[in-house]
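**Q** What follows is a predicted protein model with its sequence.
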Amino acid sequence: MNTFGHLFRITTWGESHGGAVGVVVDGCPPQLVLDIAAIQFELNRRKPGQSHLTTPRQEGDAIEILSGVFEGKTLGTPISMLVWNKNARPSDYKHLKDVYRPSHADFTYQQKYGIRNWQGGGRASARETIGRVAGGAIAKQLLREACQTETLAYVKQIHTLTAEVDTDTVTLEQIEASPVRCPNPNVSPKMAERIDTARRERDSLGGVIEGVARNVPIGLGEPIFDKLKADLAKAMMSLPATMGFQIGSGFGGTTMTGSEHNDAFYNDDSRIRTRTNNSGGTQGGISNGENIVFQVAFKPTATIGKAQETVDIHGNAVELAASGRHDPCVLVRAPAIVEAMTALVLADHLLRQRAKYTALP
């Protein structure tokens, strides 16, 4: 239940207000020169307390590597990493221990297990994604070393504000230059203002993250159940607050004719390519060498300060106005998580393909 991947696998552990959270990465090849600063950089993009647009919880999220690395290189053995929870305040949630918060996992966890951690949601908290980001940072380094594959994600939409972004040219520097991680300089300030308004009104907003993977080797993905797009969909829909996934033309493709939608092949200096990319970089569930482009929908943050109707564990009606620390919009911190899950899927499929055909790069 807590492990993702086949050959390149991660197992995450820990609760939001427990002692620590972390991950065990298994299946990483040996002798990969590991850049620990790069892992910390990714965690810094995800951590809370970055600005008034995120939760005010202050956590350094400093990574500690306990095993699997020696003299700066991976050993091929399990890599265990952890981050201590320094600013946990479980008492902030004591008044919620008998209340089911609207659109949270409180009710379903209680029904499934007969017990739940009411301190910040436990495993259902987005703090669990620290392990994903740390493991994904290693996957990123493996992909870069093996085939120069790059994964990027950015805010495409906040509420009703949508930004146009060129997936061929967008850079990490452009993404990180924006306080909301939207690389469109014309729309980014409007998004920040919209989020701040929701925060002041004790409400929240959702939106869309767009992801792109470039320089992906041809041939990744299995043709039936483990299609590359299917594994990407599972990866993204396993993230907290996600509500939808589409790749390439997505739902928009349903309004096109076959002649409009088909990606025609052509010979580009001895490299076969497609003139359009409505398929989103995969065909038949297998990567075709074009950019993998997809979008992930995130719902508005469920924890809000406005009064809402709910019930307690006995079924009694309760009016709840949440207090404590939460994001008015989760998308500001989501790009690093989406990139990590993309890298984990691609690294796993790269190793699976190499296990079959050693001629691949």
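**A** Sure, I can see it. Residues are numbered from 1 along each chain as shown.
**Q** what's the average pLDDT for stretch 337-353?
**A** For stretch 337-353, the mean pLDDT works out to 98.
**Q** got the end-to-end distance for stretch 46-55?
**A** 11 Å (C-alpha to C-alpha, to the nearest Å).
**Q** And it, what's buried?
**A** 46-48, 50, 53-55 (16 or more other C-beta atoms under 10 Å). C-beta coordinates here come from the backbone N, C-alpha and C atoms, glycine included.
**Q** how about the helices in the protein?
**A** Assigned by DSSP state H, the helices in the chain fall at 36-46, 106-113, 129-147, 172-176, 188-200, 228-237, 258-261, 335-356.
**Q** Please identify the buried residues of the last one?
**A** For helix 335-356, the neighbour count (16+ other C-beta under 10 Å) marks 335-354 as buried.
**Q** for the third one, same thing?
**A** Buried residues in helix 129-147, counted by 16+ other C-beta under 10 Å: 129-144, 146-147.
**Q** as a whole number, average confidence for it?
**A** On average, helix 129-147 scores 98.
**Q** circling back to that earlier point, save the buried residues of stretch 46-55 as a markdown table, and put in pLDDT and distance to V170 too.
**A** Shown next, in a markdown table, are these (pLDDT from 0 to 100; distance: C-beta to C-beta, whole Å):
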| residue | pLDDT | distance to V170 |
| --- | --- | --- |
| R46 | 95 | 19 |
| K47 | 90 | 23 |
| P48 | 83 | 25 |
| Q50 | 80 | 20 |
| L53 | 88 | 21 |
| T54 | 87 | 22 |
| T55 | 79 | 26 |
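**Q** Could I get those in JSON lines, plus columns for distance to M1?
**A** Output for those, formatted as JSON lines (distance: C-beta to C-beta, whole Å):
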{"residue": "R46", "distance to M1": "22"}
{"residue": "K47", "distance to M1": "25"}
{"residue": "P48", "distance to M1": "25"}
{"residue": "Q50", "distance to M1": "30"}
{"residue": "L53", "distance to M1": "33"}
{"residue": "T54", "distance to M1": "29"}
{"residue": "T55", "distance to M1": "26"}
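**Q** which one of those residues is nearest Q31?
**A** R46 (27.7 Å; C-beta to C-beta).
**Q** Return the residues in contact with the residue lying closest to the closest one once chain neighbours are set aside.
**A** Nearest residue to R46, sequence neighbours excluded (C-beta to C-beta, 6 or more residues apart in numbering): A336, at 4.4 Å. Applying C-beta atoms under 8 Å, 6 or more residues apart in numbering to A336 gives the contacts 42-43, 45-46, 133, 153.
**Q** quick one: which of the residues you listed is nearest R325?
**A** For the contacts of A336, the residue nearest R325 by C-beta to C-beta is R46; the value is 15.6 Å.
**Q** Tell me where the stretch 1-150 of the chain has strands.
**A** 3-4, 9-14, 20-26, 64-65, 69-70, 73-74, 79-84, 150-158 (DSSP state E, counting those that start in this stretch).
**Q** Identify, out of the ones you listed, the most deeply packed stretch.
**A** strand 150-158 (a mean of 25; mean count of other C-beta atoms under 10 Å).
**Q** quick one, that strand and helix 129-147 angle?
**A** 130 degrees (axes from the mean of the first three to the mean of the last three C-alpha atoms, to 10 degrees).
**Q** picking up where we left off before, mind checking the helices of the chain for the one nearest to F8?
**A** When the helices of the chain are compared by C-beta to C-beta, helix 335-356 sits nearest F8, at 4.2 Å.
**Q** gap between that closest one and the chain center?
**A** Relative to its chain's centre, helix 335-356 lies at 13 Å (C-alpha atoms, centre = their mean, to the nearest Å).
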